[in-house]
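Asks: Provide a 3D model corresponding to the input given below.
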Amino acid sequence: MSNTELHKQGLLLLAEILTRQPEEIRLFTSSAMCRDASRALQEAVSSPVLDVAAEAVRTISAFMRKDHQSSPPVQYRALRALLEAMLSRCMEFAQIPVNRRFLGNAFCRNSEKATLQKGKFLLSTLEGFRNACRLAVEFQGEPSAQENPFTAPSAEKEDTLEAFSEFLLSACDSQCIPMVMRHMEQATHPSLMELFFSILHSLFVIVPHMKVKFSKKLADSSFIRLTLELKARFCSGPSNSALNQVCSSFLYYLCLSLLSAPEKTEPPSSEELSVVSEFLQHGLPQISSHTLESLSFLSDRQYMEVAARQRQYCILLLFHLAHIHEDRFVPEAELFVAVQSFLLSLQDQGECPPPVVCRACIYLLAVCQDKDSVLDEAVVSAIRNFLEGISDLHLVYTHHPLLLRFFLVYPGLMSRFGHRVLELWFSWEESCCEELDDNSSPGQPTLPASVSALFQMLRSSPSILLILLDLVYSSPVDIGRKVLIILRIFLRKNEDIQVGGLIRGHFLLILQQLLVEYPASPLGGNLPLLLNLLSVVQLRNGTEQELDSMTIKLLHQVSKLCGKGSPDDTDILQPSFNFLYWSLHQTTTSSRKRAAAVLLSNTALIELLEKMLALTWTEAGSPRASLLCSAWLLTASLSAQQHNGCLQVHQMLSVELDQVLKALSFPKNKAVLLSAAILRFLRTVLQQRFSSALVVLVPSGVQPLPTPEDTALAPLRTSQVLSLLIGLQNLLVQKDPVLSQACIGCLEALLDYLHARSPDIALHVASQPWNRFLLFTLLDAGENSFLRPEILKLMTLFVQYQSSSILSHEEVEHVLQHAALTDLSTLSKATLQALYGFFLQVQSMGLLADHSMAQTLQASLEGLCSSTSSAESPPQDMLCLGGVAISLSHIKD
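Replies: Coordinates of the predicted model:
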């Protein structure tokens, strides 16, 4: 007998012994004996002689018995090495190419023989692997096998049932599945596939903590399609019942695993899973038809018995799960029609499908619907009836843009379920809304596909905006904030869509209802988000508009809401003040007067503004700085409108003048915008000569006796004027554009006030030596650095008040010479206007005696006038800086 034959006979004998050994009598009395046997089999299966390796594989299959491996400690590492050797030998054999020496029929016979031989080897390998899986399942009920005591400390992590189980899953994924798939390309044997699917089925039990990940990978790899095709091919009749059963069991566990951990929908409750489990158990074994036959069965409108209906449920669920995992083996047009027929059949029989089935139907209809196809009204009505019988829409919702479109494109569904579907969409949306809304980020961020799809729906149906507006207020705060950001981005990107009136009207209804339902304290919930949206809509309008009756009503309601608040209600007051401020500036002159009259009639609002202004001296650096800024701007605007229009005042507002001057003369790290707002307020007061009917300026504490100069300047004192001048100089040095405009405007009003009261003091203030130092501090090293609006306006003031010590005649000529040589078309409109004012002031003062210079000036003036008239349109006047609405023209003009 040759060595090969000897090996074969020895392995055959060992296999017989392993198979026939009674379970109650251990063959291997120690783990060492078991380990030695494992090593011997490992050497045998690695033999280059195919017959020896094949016999070794069959012996390994018999070796994988619980009673052969139960001597503690269980040799999991040895078993793993043995299985690895077996799988490697099988893969090695499977990759041996067919001998191509033969031609024609001989090659075909040789190929068939090789395929058959490889199939037998693979079958034996799978049987051994299946027995190893069975061994792992049996050991799960043995605490000693799980804990595996007496294991060497160095091998504790590897010699465990958990590590062995995870190895089985990994080996199946990386070796068994690829080998079977490659073999199926040549031949498919029911017995082999039965073994294969029994392995897959057992892995759900062996590694329960990995079953969800394993299930998703199988579904992504088209195993639903593969299993259904096998059942249709081999199980259509009474034959291959074992294959049918194992395939059905595999699909059962696969479906339940996928349903228990869905990715973009809520998992079913235990009660729902119980219902699903029942119809899967009864229906899956009955499915053995091809795809088109299943679609035909799904479309059947005849009366359905319980068993047939359960089978339909199973088909729908399988198609649904396959579709979710991008395995679209079902023709979508036919599936779209079949699902409609199925729903109508349910309605005809007065049945309501389980939520899981309803979810599958809606998802399939949404993703399979062609752009040109439309659901029949009867189907829409049936869907609506089914959904009304479900406790909450989240049970059937799947997060997908097409499903959102499905609910919003049909009026019958949108009117009833649009609000809840959009709320669910935002709750599931994972796009980082904060980043999308970040204006400071360079470039325009690319919108996610889901957000782009929503924007497309909003453009086609602006009425959806009303639902979103309701969501901003009625949803949980986190969802409301997402909606607000998405709406803000949509309005910013779609300026051509006029929805302001639509949103304002709906907002007015919400606000009126809110004030009626909660008259005492309506400041909770998502109202801040809603007000924020309102201010965004208003700021979106770049041109002056006449206030219609709706906006006036809205203005009244918002001001009424402000009157109910306190300075602590920052989230409510900030967007509200922005809206009120917009109403006083981004409108026509007549509308401003109407708006101011509405606000002045609200005594609670005026009292609130007084409290807010008083907080400036104690909380200027607090988080409320933005709100304080809005309060000062709003007060200045109301005072100006009241003074210009002689409007009735119902409540006066007092401000401590000393504190205002102190805040500007000695600023202590105050916010730039807040300083600019206080400057605008003081400028308004100076322009009105301290004669406002709304604002009363009161002294702080005991005042010193006035000097003769103070009497002329009352209520100001000379020392206060000089301190204020130094404060303005310090603020100008910061070179902030908005703050600089506010400083120069306030300085202009101050000098004008002083000139009216005491021309000598005005000249003295304008001629302060520090003013020259300030002017040269503001100039940088550039040749034409004076061509900036704030510097030109400052020089205009010095020329107006004949401050030759600050700006000499030679320096004025130098400025004009350089201006005449400058290409005026390159200057901004603000710079052109400031330069024009400077030229007019120089001309009116008669400072140029040189005839040639006068001609140069005349030419410059003519060129400037033509350039100013043909300059580009001004940038948007109303801006939102740091959450504060600011009119640039209000600050600088």
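Asks: what about residue 78, distance to residue 162?
Replies: Residue 78 sits 17 Å away from residue 162, going by C-beta to C-beta, to the nearest Å. C-beta coordinates here come from the backbone N, C-alpha and C atoms, glycine included.
Asks: my bad, residue 13
Replies: From residue 13 to residue 162 the distance is 35 Å (C-beta to C-beta).
Asks: out of these two, which sits in the more crowded spot?
Replies: Per other C-beta atoms under 10 Å, whichever of residue 13 and residue 162 has more neighbours is residue 162, with 15 against 11.
Asks: Select the longest helix from this structure.
Replies: Secondary structure assigned by DSSP state H gives helix 105-139 as the longest helix of the chain.
Asks: Distance from the chain centre to stretch 745-752, please.
Replies: Distance, stretch centre to chain centre, for stretch 745-752: 48 Å (C-alpha atoms, centre = their mean, to the nearest Å).
Asks: Quick check: mean pLDDT of it?
Replies: Taken as a whole, stretch 745-752 has an average pLDDT of 96.
Asks: and what of stretch 406-424?
Replies: 94.
Asks: Give me the residue ranges of the stretch 1-150 of the chain where confidence is low.
Replies: Regions of the stretch 1-150 of the chain meeting the criterion pLDDT under 70 cover residues 1-2, 98-110, 147-150.
Asks: can I assume residue 238 sits in a helix?
Replies: No - counting by DSSP: H, G, I helix; E, B strand; the rest coil, residue 238 is not part of a helix but coil.
Asks: got any ranges where the stretch 151-300 of the chain has weak pLDDT?
Replies: In the stretch 151-300 of the chain, residues with pLDDT under 70: 151-158.
Asks: For this protein, just list every one of the strands.
Replies: Using DSSP state E, the strands of the chain run over 653-656, 695-698, 878-881, 884-887.
Asks: Parallel or antiparallel, which strands does the second one pair with?
Replies: Spelled out, it's strand 695-698. Strand pairing for strand 695-698, determined by DSSP bridges: strand 653-656 (parallel).
Asks: Need the CA coordinates for the partner strand. PDB is fine.
Replies: Taking Å, rounded to 0.1, in the frame of the first residue of the first chain, the C-alpha atoms of strand 653-656 are listed here in PDB:
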ATOM      1  CA  LEU A 653     -38.100 108.800  28.300                       C
ATOM      2  CA  SER A 654     -35.300 110.100  30.600                       C
ATOM      3  CA  VAL A 655     -31.600 109.600  30.000                       C
ATOM      4  CA  GLU A 656     -28.700 110.800  32.200                       C
END
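Asks: can you list the domains in the protein?
Replies: According to automatic domain parsing, the chain comprises the domains 1-188, 207-396, 445-540, 546-721, 767-879.
Asks: ok now the longest one, how far from the chain's centre?
Replies: Relative to the mean C-alpha coordinate of its chain, domain 207-396 is positioned 31 Å out (C-alpha atoms, centre = their mean).
Asks: The last one too?
Replies: Between the mean C-alpha location of domain 767-879 and the chain-wide mean there is a distance of 50 Å, by C-alpha atoms, centre = their mean.
Asks: Repeat that for the first one.
Replies: Average the C-alpha atoms of domain 1-188, do the same for its chain, and the two points are 51 Å apart (C-alpha atoms, centre = their mean).
Asks: so residue 160 touches residue 77, yeah?
Replies: No - with contact defined as C-beta atoms under 8 Å, residue 160 does not count as touching residue 77 (9.8 Å).
Asks: so what's the closest residue to residue 635 other than its chain neighbours up against?
Replies: Nearest residue to residue 635 in three dimensions, chain neighbours excluded: residue 609, at 5.4 Å (C-beta to C-beta, 6 or more residues apart in numbering). Taking C-beta atoms under 8 Å, 6 or more residues apart in numbering as the criterion, residue 609 is in contact with 631, 634-635, 653.
Asks: swap the cut-off to 10 Å and go again
Replies: 562, 567, 577, 599, 630-632, 634-635, 638, 651, 653, 655, 694-695 (C-beta atoms under 10 Å, 6 or more residues apart in numbering).
Asks: Also residue 128?
Replies: Contacts of residue 128 by C-beta under 10 Å, 6+ apart are 41, 45, 56-64, 82-83, 86-87, 90.
Asks: wait, doesn't residue 721 sit right on residue 761?
Replies: Yes - assessed by C-beta atoms under 10 Å, residue 721 is found in contact with residue 761 at 7.4 Å.
Asks: Would you list the buried entries among the contacts of residue 609?
Replies: Buried members of those, counted by 16 or more other C-beta atoms under 10 Å: 562, 567, 577, 599, 630-632, 634-635, 638, 653, 655, 694-695.
Asks: Among the residues you listed, which are located in helices?
Replies: Using DSSP H, the buried ones among the contacts of residue 609 in helices are 562, 577, 599, 630-632, 634-635, 638.
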